[in-house]
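A.B. asks: Here is a sequence together with a model predicted from it:
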Amino acid sequence: MNRKDLKQEKTCVLIKPDGVKRGLIGEIIKRIEQRGLKIIALQMIWATKDQIDRHYPKDKEYIRQLGEKTLANYKKYGFDAKKELGTDDVFEIGKMVRGWLIDYLTSGPVVKMVVSGIHAIGMVRKIVGQTMPSQAEMGTIRGDFSVDDATAANREKRSIRNIIHASGNEKEAEHEISFWFSPEEIHDYKRAEEDIMF
């Protein structure tokens, strides 16, 4: 990858309904832009169940991982998953969790954006913080603005309210950007300080 490619790495960010409803859009954009990253596409939408269903993977491995994480969390805190969820099958639990994610992301408007810059995928993930807000470092978006935890979410049969989604890797970013945006909605421009910063 050459220097020009590094400067133009792209990632997808979704400010989830809890982030929108809590008035954190400006704060999130501010943190991304202060880092020297560039927002090249931005829109607020109310996503449909079909859109969110297509956003998240449907493969058995992904669903199994969701179930395994949830089951491990129940065991860690001494709760009976079978009693509370009606099953201890990891695949069935994974399907439930995926359903909670879809319900969560369609419960209000989301802000979708494409962010560009040097190591944009990794940089945005650092700004966002750990997926689990209760484990996210202070100074990150999740660490500063959320305290939700998987145990509480699972026991209430809902998704974790963690404010924001950011693509996890290059393949995920490519899929999500092309899914949420048409090429005409993505704009390239030069920020005033680009020549000074890198």
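C.D. replies: Ah, there it is.

A.B. asks: So which residues of the chain form strands?
C.D. replies: 10-15, 38-45, 110-116, 164-166 (DSSP state E).

A.B. asks: who wins for proximity to L66 among those?
C.D. replies: Distance to L66, taken as Cβ to Cβ, is lowest for strand 164-166 among those, at 14.6 Å. C-beta: built from backbone N, CA, C; applies to glycine.

A.B. asks: Bridge partners for the residue nearest in space to the middle of the chain, pull those for me.
C.D. replies: Against the mean C-alpha coordinate of the chain, by Cα atoms, centre = their mean, the closest residue is H165 at 1.3 Å. Beta-bridge partners recorded for H165 (DSSP bridges): L14.

A.B. asks: Report the contact partners of it.
C.D. replies: 12-14, 16 (Cβ atoms under 8 Å, 6 or more residues apart in numbering).

A.B. asks: Pick the one among the residues you listed closest to E137.
C.D. replies: The nearest one, if we look at the contacts of H165 relative to E137 and count by Cβ to Cβ, is V13, at 18.5 Å.

A.B. asks: count of neighbours near Q34?
C.D. replies: 9 (other Cβ atoms under 10 Å).

A.B. asks: Hmm, I typed the wrong one, I wanted K112.
C.D. replies: What K112 shows, counting by other Cβ under 10 Å, is a neighbour count of 23.

A.B. asks: Ok, A153 next?
C.D. replies: A153: 20 surrounding residues under other Cβ under 10 Å.

A.B. asks: Please work out which of the strands of the chain is packed deepest.
C.D. replies: Greatest average neighbour count among these goes to strand 10-15 (a mean of 25), per mean count of other Cβ atoms under 10 Å.

A.B. asks: Could you pull up the mean pLDDT of it?
C.D. replies: Taken as a whole, strand 10-15 has a mean pLDDT of 98.

A.B. asks: what angle separates that strand from strand 38-45?
C.D. replies: Angle of strand 10-15 versus strand 38-45, following axes from the mean of the first three to the mean of the last three Cα atoms, to 10 degrees, is 40 degrees.
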